[in-house]
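Trainee: Got a predicted structure plus its sequence, pasted below:
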Amino acid sequence: METLSPKDALSEGMARRSFLRYAGIGVAAGTIAMTSACKKDKNNNSSNVIDIGSGDVGILNYAYALEQLEAAFYVRVAASPYANITSAESALLTDIRDHEVAHREFFKAALGANAIAGLTVDFSLINFADRTSVLNTAKAFEDLGVAAYNGAGYLIKDAGYLTLAGKIVSVEARHAAYIRNLISPGSYADSTVVDSNGLDKVMPIAQVLPTANQFLSTKVSANNYGYNI
């Protein structure tokens, strides 16, 4: 197990200008909803469970939790590459790491004092030395992330946040396509993620968090969105 403590993004390979750009957007966009958040939506830590809260704060914390998980995974992948990784794979997985760290830091900055605490991950089921284990986990995380953003977008009230969420989910979809193609060329938009209408998969919060919690020692609940632990 390992704890995700707040770190300077530079220590995980993201350029300072990228962090400042995301953080600046977060501070500017966060002023409206964060200042009006109710005290009752502050997160409660009990029995190692953290609830995301409600309203736009809750949805941003939901995204923040998922980005914490993804960032921690790719930081580990980049730090301990699997056997026989190619230079191209290493470079692109490092790019994904930097994107996920940027997303994590954006939500942390946007939420400010309303952010949930750093989560503790549990990657004991993943063999980081094995390409198949790493890529299948990456595929699961990326597909989950895209479906999660798609499923929660309608809950966002602030148009600014909705625009930013759209920008982030499009990047997550690029990650998912790349990982899927590494595993099976041409599978980047197959019927398991894109339906007959050409629409991407959607998953509600109550369906996403049980999967994410399998890789978290600090469990995440969403009482206001139908998922209690």
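Mentor: Happy to help now that I have it. Treat the numbers as computed from the prediction; the structure is a model and nothing was measured.
Trainee: Could you use CA atoms for every contact and neighbour count after this?
Mentor: OK.
Trainee: Asn181 is in contact with Ser187, correct?
Mentor: Yes: under the criterion of CA atoms under 8 Å, Ser187 is in contact with Asn181, at a separation of 5.8 Å.
Trainee: who are the neighbours in contact with the residue most central in space within the chain?
Mentor: Nearest to the mean C-alpha position of the chain, by CA atoms, centre = their mean, lies Glu67 at 2.3 Å. The neighbours of Glu67, taking CA atoms under 8 Å, 6 or more residues apart in numbering as the test, are 100-101, 103-104.
Trainee: Which of those residues fall in strands?
Mentor: Using DSSP state E, no member of the contacts of Glu67 falls within strands.
Trainee: Is it correct that Glu172 falls within a strand?
Mentor: No: going by DSSP: H, G, I helix; E, B strand; the rest coil, the assignment for Glu172 is helix, not a strand.
Trainee: Tell me the spacing between it and Leu209.
Mentor: Applying CA to CA, to the nearest Å, the value for Glu172 to Leu209 is 17 Å.
Trainee: circling back to that earlier point, now distance to Ala78 too, for the contacts of Glu67, in a markdown table please.
Mentor: Below are the contacts of Glu67 laid out as a markdown table (distance: CA to CA, whole Å):
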| residue | distance to Ala78 |
| --- | --- |
| Glu100 | 12 |
| Val101 | 12 |
| His103 | 17 |
| Arg104 | 17 |
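Trainee: Tyr161: which of these is nearest?
Mentor: The nearest member of the contacts of Glu67 to Tyr161, counting by CA to CA, is His103 at 13.1 Å.
Trainee: what number of residues lie near the closest one?
Mentor: Around His103 there are 25 other residues, counting by other CA atoms under 10 Å.
Trainee: my read: it touches Lys167, true?
Mentor: No: counting by CA under 8 Å, His103 stays clear of Lys167, with 10.6 Å between them.
Trainee: What helix or strand is the residue nearest to the centre of the chain located in?
Mentor: helix 55-79 (DSSP states H and E).
Trainee: List the buried residues in that helix.
Mentor: By 16 or more other CA atoms under 10 Å, the buried positions in helix 55-79 come out as 55-75, 77-78.
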